[in-house]
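Let me see the structure of the following:
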Amino acid sequence: MANDAMPAPEQIACIDLTVPDAGALRDFYRDVTGCTASPVPMGDYRDYCMNAAGGQTVAGICHALGENADLPAVQMVYIAVAGLDAALRRAQDLGGKLVGTPKSAGGNRFCVIQDLAGAYAALYEKGVAAGVAAAPRPARAGLLPALTGLRFFLALWVIVDHLVGPGHAFEPFAQMLPHPLYMIVRGGYLAVTTFFVLSGFVLARTYGGTAWNGRNLWKYGVARVARVYPVYLLSLLIVAPFIVVAKTAPASKGWLVAMHLALVQGWFVGHYTVGWNVAAWTLSCEMFFYLMFPLLIAPLRGGGWCKSLAVAALACVLTRLLWRAGVSDNLKPVIHLADFLIGIAASNIFDLLSSLRKRPAGPWLYLPGVAAVAGLIAYPQLLPNNVDLNTAIRPFNALLLIGFGLGGGWIARALSARAVVYMGKASYAMYILHIPLLWWAVGWRIPFAAEIYVGVVLIVSALVYRWIEEPANRYLRARA
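Numbering: from 1, shown residues only. Have a look, this model is predicted:
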């Protein structure tokens, strides 16, 4: 950043322009405005301060390299804030978007946002002292790219699982795999429990500090519906022609359609057999989790190690306790509440680890977590009779999410790649649209139909995220 002078919060700190060829823009603005340019060494290259006649720096021109590689080429206003993380959470709550992740520069932290009009600005927080990086703060939702990238592979795992079952397209290939690997491929249905844990983790990161008054509850509720419903409604429209011609009694069909529109089908598992969008039962769980979240987060807010670990331990046995109390496994939202709860506890543990002077490297957590989940899915027969597979992998799901949140290692870096992160953002569309699209694809009689179908799902999901999901999300949240 060109100017290290820091005004009071809410004032403009500086203006920078980040472009591939900073030298050409330096010469352009120097000739047009009469400003002088002074170089700022950046290692292998130099950025430039543009200075007025009195020597005061009025703007900066930077190369789109290193930490600045993903910044848009606009005259970027840097607005000083007292707390960057809180300001970013508020921007997202109001419908804004983060562009990249928070970055450090000269002991300060900043992050680019896109506002409701599509304009860009950077929020800028001064470090504790010149040349000293700001004290570490817990990263917030949307600021942990490896977790976003992980969502892409979880959704892809679900899709593949639905293609390798008996009589399905990839079954011959799956049958050739070693049995442990076959079990892992066929275990894609367990990815939904990882999604549930991740949901609790992300919500705790986003809303952990929210004061739950009437206004914030309303905004929270609208934001949750905006997150889920637009693309879900699209999924029903895609499969609507098949619903219309389905040979179901009109009264039963009306009840089934109403149940799907209201997102309550997860409460009636075992009482209906239509497969219009079999993956959508998980949305019933999510809506229940969203409803419960303000109650669940209140006692955990600011909790230390003892409380966080106690809640995590409770989550590890909660499903078994519910079954023992007579709760039916068909009540999926209640049964899977344990996954969501451990995600909230994991968020607290992540905060506690992040606050340590020497926090652990992410691979020390996510590698054992991934290995344990894979091993348990590959060899479920090793589990005691009184421990179900979902309960067994629950703590390891939490462990791997904390590890990927902390980052580090080539796997986390690969998950943080721009293309992977984008597809991670499109993972909800992948998940909720792949069955409706499959209804149209089952009749294809072309070579490599299954492979083409997967490609279509990926492309459609990426476009839906860009042109439907995100705009609808921003539109609804902005009007809350």
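
give me the element the spatially most central residue of the chain is part of.
Nearest to the geometric centre of the chain sits residue 148, at 4.2 Å (C-alpha atoms, centre = their mean). Using DSSP states H and E, residue 148 sits in helix 145-161.

Does anything pack onto that helix? Which helices or strands?
Secondary-structure packing of helix 145-161 (3 or more C-beta pairs under 8 Å, 6 or more residues apart in numbering; DSSP states H and E): helix 191-207, helix 389-406, helix 409-415, helix 418-425, helix 427-441, helix 449-464. (Each C-beta comes from the backbone N, C-alpha and C, glycine too.)

now do 7 Å
Contacts defined by 3 or more C-beta pairs under 7 Å, 6 or more residues apart in numbering; DSSP states H and E place helix 145-161 against helix 191-207, helix 389-406, helix 409-415, helix 418-425, helix 427-441.

What average pLDDT does that helix get?
Averaging pLDDT along helix 145-161 gives 96.

tell me how far it is from the chain's mean position?
Remark: helix 145-161 is offset 10 Å from the chain centroid, using C-alpha atoms, centre = their mean, to the nearest Å.

Contacts for it next, please.
101, 170, 185-186, 188-189, 191-192, 194-195, 198, 279, 401, 404-405, 407, 412, 415-417, 420-421, 423-425, 427, 430-431, 434, 454, 457 (C-beta atoms under 7 Å, 6 or more residues apart in numbering).

and stretch 22-33, what's its mean pLDDT?
83.

And the contacts of that stretch?
With C-beta under 7 Å, 6+ apart as the criterion, stretch 22-33 contacts 17, 19, 35-37, 47-48, 50, 61-63.

Which members of these are classed as buried?
17, 19, 35, 37, 47-48, 50, 61-63 (16 or more other C-beta atoms under 10 Å).

between those residues, which is nearest residue 114?
Set against residue 114, the nearest of the buried ones among the contacts of stretch 22-33 by C-beta to C-beta is residue 17 (16.8 Å).

so where do the strands sit in the protein?
12-19, 36-41, 46-51, 57-63, 75-80, 97-105, 108-114, 120-125 (DSSP state E).

Tell me the strands beside the first one, with direction?
Going back to what we said before, that points to strand 12-19. Paired strands of strand 12-19, with direction, are strand 57-63 (parallel), strand 75-80 (antiparallel) (DSSP bridges).

mean pLDDT lowest for which of those?
strand 57-63 (a mean of 82).

Distance from that one to the middle of the chain?
Per C-alpha atoms, centre = their mean, the centroid offset for strand 57-63 relative to its chain is 33 Å.

Just want the angle from it to strand 97-105.
100 degrees (axes from the mean of the first three to the mean of the last three C-alpha atoms, to 10 degrees).

In terms of secondary structure, what does the longest helix anywhere in the chain contact?
Secondary structure of the chain per DSSP state H: the longest helix is helix 214-245. Secondary-structure packing of helix 214-245 (3+ C-beta pairs under 7 Å, 6+ apart): helix 281-297, helix 427-441, helix 470-478.

low-scoring stretches of this structure, by residue?
1-10, 13, 41-46, 54-55, 65-70, 104-107, 127-143, 249-251, 271, 273-274 (pLDDT under 70).

and with 50 instead?
1-6, 43, 128-142 (pLDDT under 50).

ok so, going back, okay if I get the helices and strands packed on helix 214-245 as CSV plus mean neighbour count and distance to residue 365?
Compiled in CSV, those are given as follows (neighbours: other C-beta atoms under 10 Å; distance: least, C-beta to C-beta, whole Å):
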stretch, mean neighbour count, distance to residue 365
helix 281-297, 19, 23
helix 427-441, 22, 22
helix 470-478, 17, 31
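
nearest to residue 247, of those helices?
Across the helices and strands packed on helix 214-245, closest to residue 247 is helix 427-441 (C-beta to C-beta), at 15.1 Å.

Mind listing residues that contact the closest one?
151-152, 154-155, 158-159, 231-232, 235, 238-239, 242, 277-280, 449, 453, 456-458, 460-461, 464-465, 469.

Drop anything exposed from the residues you listed.
The buried subset of those (16+ other C-beta under 10 Å) comprises 151-152, 154-155, 158-159, 231-232, 235, 238-239, 277, 279-280, 453, 456-458, 460-461, 464-465, 469.

quick revisit: let's have the strands of the chain in a markdown table, adding distance to residue 440.
Compiled in a markdown table, the strands of the chain are given as follows (distance: least, C-beta to C-beta, whole Å):
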| stretch | distance to residue 440 |
| --- | --- |
| strand 12-19 | 43 |
| strand 36-41 | 55 |
| strand 46-51 | 51 |
| strand 57-63 | 47 |
| strand 75-80 | 44 |
| strand 97-105 | 32 |
| strand 108-114 | 34 |
| strand 120-125 | 39 |
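
Brilliant, that's me finished.
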